[in-house]
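**Student:** all I have is the shape, not the residue letters:
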């Protein structure tokens with residue numbers, strides 16, 4: 001069964017966090033974990049005001065499991081999106 005790693009971005013709404021974006025990271029756990037670990041944000045939303053929630057998700061067949069989560073601001077999300085795009089580009093072009 002094929003495994004794939006995804007970064008899922010959710011935005012805070014009055015009904016809670018709603019997923020609106022996903023980045024496909026491929027099937028190599030080390031790459032996915034390294035990318036997620038280098039992203040900006042906090043593992044806990046202590047003040048309850050973080051506008052974005054980012055999850056590292058493992059998909060295997062029809063099942064998915066959240067491996068890690070962190071909260072971030074709009075500025076941090078902008079930096080994270082730039083970082084993810086750069087790292088995925090490297091992965092895809094250096095295979």
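**Tutor:** Thanks, I have it. Here the structure is a predicted model, which is why all the values come from computation and not from measurement. Numbering: from 1, shown residues only.
**Student:** ok, and what's touching the host helix or strand of residue 81?
**Tutor:** Here residue 81, judged by DSSP states H and E, is contained in helix 74-93. With contact meaning CB atoms under 8 Å, 6 or more residues apart in numbering, helix 74-93 is reached by 7, 9, 23-26, 28, 31, 34-35, 38-41, 51-52, 54, 72. Where C-beta positions appear, they are placed from N, C-alpha and C, glycine not excepted.
**Student:** buried set for it?
**Tutor:** Neighbour-count burial for helix 74-93, counted by 16 or more other CB atoms under 10 Å, picks out 76-77, 80, 84, 87-88.
**Student:** would you map the strands across the protein?
**Tutor:** Using DSSP state E, the strands of the chain run over residues 3-13, 16-26, 52-60, 63-72.
**Student:** most tightly surrounded among these?
**Tutor:** Highest mean neighbour count of those: strand 52-60, a mean of 19 (counted as mean count of other CB atoms under 10 Å).
**Student:** pLDDT weak spots in this protein?
**Tutor:** Residue ranges of the chain with pLDDT under 70: 95.
**Student:** let's go with 90 and repeat that
**Tutor:** For the chain, the stretches flagged by pLDDT under 90 are 1-2, 45-49, 61, 91-95.
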